[in-house]
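**Student:** Model the following, please.
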Amino acid sequence: MLIATLCIQACATQDEPPIRDFPDADVPQLGTPTLPVPAIGAPRVPSAEAAREGYQAWNNGAGLRYEGNWRGGLYDGEGKLDEPDGSSYTGEWRGGKRSGSGRQYYPDGTYHDGSWELNQPQGPGTRKTIEGFTFTGLWSGNVIANGLLELPSGHTYAGPLYNDKGTKVSGQLLTWLEDLAKRGDRYAQYLLADCYDRFTEPLPDDARRHALLQQSATQGFAPAQLALAEHSTGGDAQLWLQRAADKHHPTALYRLAQERHEAGDYAEAYALAERALQRGSTQARRQLAWWLATDSRADAASGATAVTLIRDIAITTAGWQYLDTLAAAQARAGEVPEALATQDQAIRNAQDAAVGEEVLAALLERRAEYEKGAPFRVESEEHP
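**Tutor:** All right, here's what the predicted structure looks like:
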């Protein structure tokens, strides 16, 4: 069966709005609020329009849209930026960077709402994480030393949080979490497990962390189930990963999709990747596009689907990995001249990023295939 057909069948039932059994939001690191701030800030406008002034609407034709005030061709003043992955920022800008009061929102519900300086949180603000934790207080970058923490269970804590640039958990917070964890609060158990994982105080304690995650996961908390899967092996890892995916956790869905694809269950892999994508996983978008573009069974229709998935993000971010994926998709769709141009840009950007010789050689190898008019086919399960 053609890959395009598999994708269509797998994704056909995923049109309903995302369903969550855990609170909305997103952070790559679990527990403490270390949400990265996206680097997209300066508009990529044609040089002829570099002197935009006043209030105007603009888009790059690839999902990046800005409406608001400009000065000298840069976002400056009040405005809203929408990005192709579904994230957005609404608020104040200065010199093309988030500066002043504003709200950064991510496609799976995470946000940081507060004061900004040069694209970084600075001053009062509120942040919500994928686990549903809400932190309110004074921020310095991605560190909040003091403030208010609210758990999804409704319990709140006010006081010192994370000290020494976020490397230590305050003793007061630790005591509060310990008390709630003993009383069975699954969110406190999870956050306390994180305290025994990545900090200098308290000292890391694998046994304590695992026991707390087990307690939280057993109560059905998806982030704890995913964390257990990451720290387990064999059947236990599979059990917890499946449970987290059943709770619609985007990272769990993405990782389970990779496993299903490696096992040769392509229809299930595409369905899982599509579900992860709908819940805000940019990783799933690139992975699905790569599979559709490079799988040995893919056809031109698969390539066209892959182009649709990856084009806007590749053009807007200009990241060499995204461009490499777009070139593979274009070659699969029969758009050979476009694939060559895109791959050339990917190679230039990879060189600027000082990638290793092995990566550069792989990029050049793919370009050689496109120059012969052939798409690139691989058997590996993940994007390089």
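**Student:** For the rest of this, base every contact and every neighbour count on C-alpha atoms.
**Tutor:** OK.
**Student:** Next secondary structure after the helix or strand where Gln351 lies?
**Tutor:** Counting by DSSP states H and E, the element that carries Gln351 is helix 336-352. Moving toward the C-terminus from helix 336-352, the first helix or strand encountered (DSSP H and E) is helix 357-371.
**Student:** Read off the pLDDT value for Gln283.
**Tutor:** Note on Gln283: pLDDT of 86.
**Student:** burial count for it?
**Tutor:** A count of nearby residues for Gln283, using other Cα atoms under 10 Å, gives 16.
**Student:** What of Gly235?
**Tutor:** If you count neighbours by other Cα under 10 Å, Gly235 ends up with 10.
**Student:** returning to that earlier point: for the helix holding Gln351, give me every contacting residue.
**Tutor:** The contact list for helix 336-352 (Cα atoms under 8 Å, 6 or more residues apart in numbering) reads 318-321, 323-324, 326-331, 360, 363-364, 367, 370-371, 373.
**Student:** Kindly report the same for stretch 184-193.
**Tutor:** Outside stretch 184-193, the residues that reach it (Cα under 8 Å, 6+ apart) are 31-32, 151-153, 174, 177-178, 180-181, 208-210, 212-213, 215-217, 219, 221, 224.
**Student:** Which among those count as buried?
**Tutor:** With neighbours counted by 16 or more other Cα atoms under 10 Å, these contain buried members at 31-32, 151-152, 174, 177-178, 180-181, 209-210, 212-213, 215-217, 221, 224.
**Student:** Filter those down to the ones in helices?
**Tutor:** Under the assignment DSSP state H, the buried ones among the contacts of stretch 184-193 contribute 174, 177-178, 180-181, 209-210, 212-213, 215-217, 224 to helices.
**Student:** re the thing from before, which of the contacts of helix 336-352 are buried?
**Tutor:** When the contacts of helix 336-352 are checked for burial by 16+ other Cα under 10 Å, the buried set is 318-321, 323-324, 326-331, 360, 363-364, 367, 370, 373.
**Student:** Please, where are all the strands along the stretch 151-300 of the chain?
**Tutor:** In chain order, the stretch 151-300 of the chain shows strands spanning 156-160, 162-163, 168-169, with DSSP state E, counting those that start in this stretch as the criterion.
**Student:** got the buried residues for the helix holding Gln351?
**Tutor:** Val336, Ala339, Leu340, Thr342, Gln343, Asp344, Gln345, Ala346, Ile347, Asn349, Ala350.
**Student:** Please apply the same query to stretch 165-184.
**Tutor:** By neighbour count on 16+ other Cα under 10 Å, the buried set for stretch 165-184 is Gly166, Lys168, Val169, Ser170, Leu173, Leu174, Leu177, Glu178, Leu180, Ala181.
**Student:** where's the dip in pLDDT among those residues?
**Tutor:** Least confident of the buried residues of stretch 165-184 in the model: Gly166, at 84.
**Student:** residues contacting it?
**Tutor:** Taking Cα under 8 Å, 6+ apart as the definition of contact, the neighbours of Gly166 are Val143, Ile144, Ala145.
**Student:** If you rank those by neighbours, which is first?
**Tutor:** The most neighbours of any of those, using other Cα under 10 Å, belong to Ile144, which has 28 neighbours.
**Student:** State the distance from that residue to Asp164.
**Tutor:** Relative to Asp164, Ile144 is positioned 10 Å away (criterion: Cα to Cα, to the nearest Å).
**Student:** And the helices in the stretch 151-300 of the chain, which stretches?
**Tutor:** For the stretch 151-300 of the chain, the helices identified by DSSP state H, counting those that start in this stretch occupy 171-182, 186-195, 206-218, 222-230, 234-246, 250-262, 266-278, 282-294, 300-317, in order along the chain.
**Student:** quick one: which of these is nearest Gly100?
**Tutor:** Within the helices of the stretch 151-300 of the chain, the stretch nearest Gly100 is helix 300-317; the backing value is 23.8 Å (Cα to Cα).
**Student:** Show me the domain layout of this structure.
**Tutor:** According to automatic domain parsing, the chain comprises the domains 3-16+248-371, 36-105, 125-240.
**Student:** deepest of those domains, which one?
**Tutor:** For the domains of the chain, the stretch with the most neighbours on average is domain 3-16+248-371, a mean of 21; neighbours defined as mean count of other Cα atoms under 10 Å.
**Student:** How far away from the center of its chain is that one?
**Tutor:** Centroid separation for domain 3-16+248-371 versus its chain: 15 Å, with Cα atoms, centre = their mean, to the nearest Å.
**Student:** Ok, stretch 241-248 next?
**Tutor:** 18 Å.
**Student:** Could you give the average pLDDT over that stretch?
**Tutor:** In the prediction, stretch 241-248 has an average pLDDT of 95.
**Student:** between the buried residues of stretch 165-184, which is nearest Trp70?
**Tutor:** Gly166 (35.8 Å).
**Student:** so where's the chain uncertain?
**Tutor:** The chain contains residues with pLDDT under 70 at 1-50, 379-384.
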